[in-house]
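*Asks:* got a sequence here, can you model it:
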Amino acid sequence: MNDDRFRALPAVEVLAEQALAHAARPAVAPRPLVVEAARAVLALERAGLTADPARPPAAPADRLALVLEEAARRAKPRQERVLNGTGVVLHTNLGRAPLSEAARRALLEAAGGYVALEYDVAAGKRSERALGAEEWLVRLTGAEAALVVNNGAAALLLAVSVLAAGRKVVVSRGELVEIGGSFRLPEILKKAGATLVEVGTTNRTRADDYRRALSPEVGLLLRIHPSNFRVAGFSERPSRGELAALAKGAGIPFVEDVGSGALVDTTAFGLEREPTVLECLTEGADLVTFSGDKLLGGPQAGLIVGRREWVRKLKKDPLARALRVDKLTVAALEATLAAYVEPARAQEELPTLALLAAPAHVLKDQAERIATALSGLAGLTVSVVPEASEVGGGALPGAILPTYAVVLAAAGRSAAQLERRLRAQGPPLIARIKDDRVLVDARTLLFEDPDEIARVVAAALTGNWEVPGA
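*Replies:* Residues are numbered from 1 along each chain as shown. Next comes the predicted model:
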């Protein structure tokens, strides 16, 4: 090993000072972050020199550029705006449902001052939190009462904890789902203090299986909508009416978790049919739990609707306070729900529904606009191809959404290198790689400006391809 190569490397503090002195913008990043970046760049260079004995040290100017770019990256907020080119509409890692304009306005108004969060302005006295959103849920679903908590898993946790703690919960083996992030239904039930009673088999469960499991120790019957997987072929499950009758006879509630929480008929968007919340209640569920940030198209929230007697018990429990939502969520949720007063208005105003319903010819037009904006970039090959998008968020796993994607190829660079460079920009463009090609899906970029996308790609092509951590 040639030790002179390592001796030629500057000290971290020296490199940091050099970077600050050469910064085109003095406030590119706070000094501590520039020091962090210098340390990371030097560590990466040392690793490269160790791996390749013939590799010379980087040119000082290139090293400085790396430090400044890395420092700027570290100074950016972690929760930054991104351009979603993946085609996954409800991308869990990218924040799921984009909010409507009305919801964004409500957020700004709530964030900028005081709001009547738990105050009845007309009566001049304290009121209940999220009352407006709960009134909308009752209006839209036909439920007797509603409750809003901070996410879908919390809604189910609260229901089981209040109604079945220390008792048994009967559920089909075919519904013992993992809901994401390695959280599994049996673990949620255990955390809620309930004992799980599995009935039936993975593919076939009958009403008699539930009936035989009933005893004075059973606190509720639970039905879970398998929103993130499908059981097809030789399968069977009892109807809601059958389970409702069993629960009523035993004097216990029948609770259904529908996960994604569709309030409108998804077949209107060309998708497979999802049970609506109204349908679940009409067919006998005493309580229905679902999420606010999936098919509903709103902010993260756990929504519980159903019979007044059971909702009242949940509201009175101390755990409900621990799981309550803040004023920003309440504001965005109420504005989102208000759009559902007319289904056509919901599809027009809510980005999630609009993206899911977008026809292929509209997506092709957007893909071609993006391709045209990119066509003048040197060293870039662009084409438009038919592709398939996903709903995401654990919803409609079997759904195929025809779409169009822009294929990007950079001369002399691999697909992985180009994808990494696109992520290093501001805003980052998140693409996907398929068959060693970078695909940018028009569906999730439908409302984005093609010229902005072109600026991001241009920056990716002209910047440094070896930014550490990019």
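
*Asks:* what's the spacing between Arg345 and Asp265?
*Replies:* For Arg345, the distance to Asp265 equals 15 Å [C-beta to C-beta, to the nearest Å]. Placement of C-beta: from N, CA and C, glycine included.

*Asks:* and what of Gly241?
*Replies:* Separation of Gly241 from Asp265 (C-beta to C-beta): 20 Å.

*Asks:* then Ala358?
*Replies:* The spacing between Ala358 and Asp265, counted by C-beta to C-beta, is 17 Å.

*Asks:* element containing Leu15?
*Replies:* helix 12-22 (DSSP states H and E).

*Asks:* after that helix, next one along is what?
*Replies:* Once the chain leaves helix 12-22, the next helix or strand it forms, by DSSP H and E, is helix 31-51.

*Asks:* same question for the longest strand belonging to the chain, mean pLDDT?
*Replies:* Assignment by DSSP state E gives strand 380-392 as the longest strand of the chain. The pLDDT scores in strand 380-392 average 95.

*Asks:* kindly report the same for stretch 194-208.
*Replies:* Per-residue scores along stretch 194-208 average to 90.

*Asks:* got the contact list for Gly292?
*Replies:* Shown in contact with Gly292 (C-beta atoms under 8 Å, 6 or more residues apart in numbering): 148, 152, 261, 298-303, 329, 333, 336.

*Asks:* turn those residues into a markdown table, columns for secondary structure and distance to Arg78.
*Replies:* Below are the contacts of Gly292 laid out as a markdown table (DSSP: H, G, I helix; E, B strand; the rest coil; distance: C-beta to C-beta, whole Å):
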| residue | secondary structure | distance to Arg78 |
| --- | --- | --- |
| Val148 | strand | 27 |
| Gly152 | helix | 24 |
| Gly261 | coil | 28 |
| Gly298 | coil | 23 |
| Pro299 | coil | 19 |
| Gln300 | coil | 17 |
| Ala301 | coil | 22 |
| Gly302 | strand | 24 |
| Leu303 | strand | 28 |
| Thr329 | helix | 20 |
| Leu333 | helix | 24 |
| Thr336 | helix | 25 |
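
*Asks:* could you list the low-pLDDT ranges of the chain?
*Replies:* Per-residue confidence for the chain (pLDDT under 70) gives these ranges: 1-2, 23-27, 179-183, 227-234, 398, 464-470.

*Asks:* rerun at 50
*Replies:* 1, 468-470 (pLDDT under 50).

*Asks:* kindly state the domain boundaries assigned to it.
*Replies:* 12-75, 83-95+356-462, 101-342 (automatic domain parsing).

*Asks:* nearest to Leu350 among these would be which one?
*Replies:* Closest of these to Leu350 is domain 101-342, at 4.0 Å (criterion: C-beta to C-beta).

*Asks:* run the chain-centre distance for the closest one.
*Replies:* Distance of domain 101-342 from the chain centroid (C-alpha atoms, centre = their mean, to the nearest Å) equals 18 Å.

*Asks:* quick check: Phe218 vs Leu137, distance?
*Replies:* Just so we're on the same page, residue 218 is Val rather than Phe. Using C-beta to C-beta, Val218 is found at 28 Å from Leu137.

*Asks:* follow-up on the earlier one: flag every buried residue along the longest strand of the chain.
*Replies:* 380, 382, 384, 387, 389-392 (16 or more other C-beta atoms under 10 Å).

*Asks:* got the contact list for it?
*Replies:* Applying C-beta under 8 Å, 6+ apart, the contact partners of strand 380-392 are 87-92, 96, 271, 295, 356, 360, 364, 367-368, 371, 374-375, 397, 399-411, 439, 441, 443-444, 457, 461.

*Asks:* any idea of the angle the helix or strand following that strand forms with strand 380-392?
*Replies:* Next in sequence after strand 380-392, counting helices and strands by DSSP H and E, comes strand 401-410. Interaxial angle, strand 401-410 versus strand 380-392 (axes from the mean of the first three to the mean of the last three C-alpha atoms, to 10 degrees): 150 degrees.

*Asks:* tell me which strands strand 401-410 pairs with, and in which orientation.
*Replies:* Strand 401-410 has its sheet partners listed here by DSSP bridges as strand 380-392 (antiparallel), strand 437-441 (antiparallel).

*Asks:* could I get those strands as JSON lines with distance to Ala143?
*Replies:* Output for the strands paired with strand 401-410, formatted as JSON lines (distance: least, C-beta to C-beta, whole Å):
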{"stretch": "strand 380-392", "distance to Ala143": "25"}
{"stretch": "strand 437-441", "distance to Ala143": "37"}
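
*Asks:* just to revisit the earlier point, can you lay out the contacts of Gly292 as CSV showing neighbour count and distance to Ala123?
*Replies:* Formatted as CSV, these follow (neighbours: other C-beta atoms under 10 Å; distance: C-beta to C-beta, whole Å):
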residue, neighbour count, distance to Ala123
Val148, 26, 21
Gly152, 28, 32
Gly261, 31, 31
Gly298, 29, 28
Pro299, 23, 27
Gln300, 19, 30
Ala301, 26, 26
Gly302, 26, 28
Leu303, 30, 26
Thr329, 24, 24
Leu333, 29, 23
Thr336, 29, 26
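
*Asks:* going by distance to Gly132, which of these wins?
*Replies:* Among these, and counting by C-beta to C-beta, the member closest to Gly132 is Leu333, at 8.8 Å.

*Asks:* so what's the residue count around the nearest residue to the closest one once chain neighbours are set aside?
*Replies:* Nearest non-adjacent residue to Leu333, counting by C-beta to C-beta, 6 or more residues apart in numbering: Ala133, 4.6 Å away. By other C-beta atoms under 10 Å, the residues close to Ala133 number 27.

*Asks:* who's in contact with Ala133?
*Replies:* 146, 148, 330, 333-334, 337.

*Asks:* Lys125 now?
*Replies:* Here Lys125 is in contact with Tyr119 (C-beta under 8 Å, 6+ apart).

*Asks:* filter the contacts of strand 380-392 down to the buried ones, ChimeraX style.
*Replies:* ChimeraX command restricting these to the buried ones, with burial defined by 16+ other C-beta under 10 Å:
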select :87,88,89,90,91,96,271,295,356,364,367,371,374,399,401,402,403,404,405,406,407,408,409,410,439,441,443,444,457,461
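
*Asks:* contacting residues for the closest residue in space to Asp265 that isn't next to it in sequence?
*Replies:* Nearest residue to Asp265, sequence neighbours excluded (C-beta to C-beta, 6+ apart): Thr276, at 6.8 Å. By C-beta under 8 Å, 6+ apart, the residues touching Thr276 are 262-265.

*Asks:* out of the residues you listed, who's nearest Ala431?
*Replies:* Ala262 (28.9 Å).

*Asks:* dump the domains of the chain into a markdown table; add distance to Asp4 as well.
*Replies:* Below are these laid out as a markdown table (distance: least, C-beta to C-beta, whole Å):
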| stretch | distance to Asp4 |
| --- | --- |
| domain 12-75 | 9 |
| domain 83-95+356-462 | 30 |
| domain 101-342 | 49 |
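
*Asks:* can you classify Glu256 as helix, strand or coil?
*Replies:* Here Glu256 is strand, with the state taken from DSSP: H, G, I helix; E, B strand; the rest coil.

*Asks:* I'd like the numbering to begin with 40 instead of 1 from here.
*Replies:* Yes, from this point I'll number from 40; that puts the last item at Glu295.
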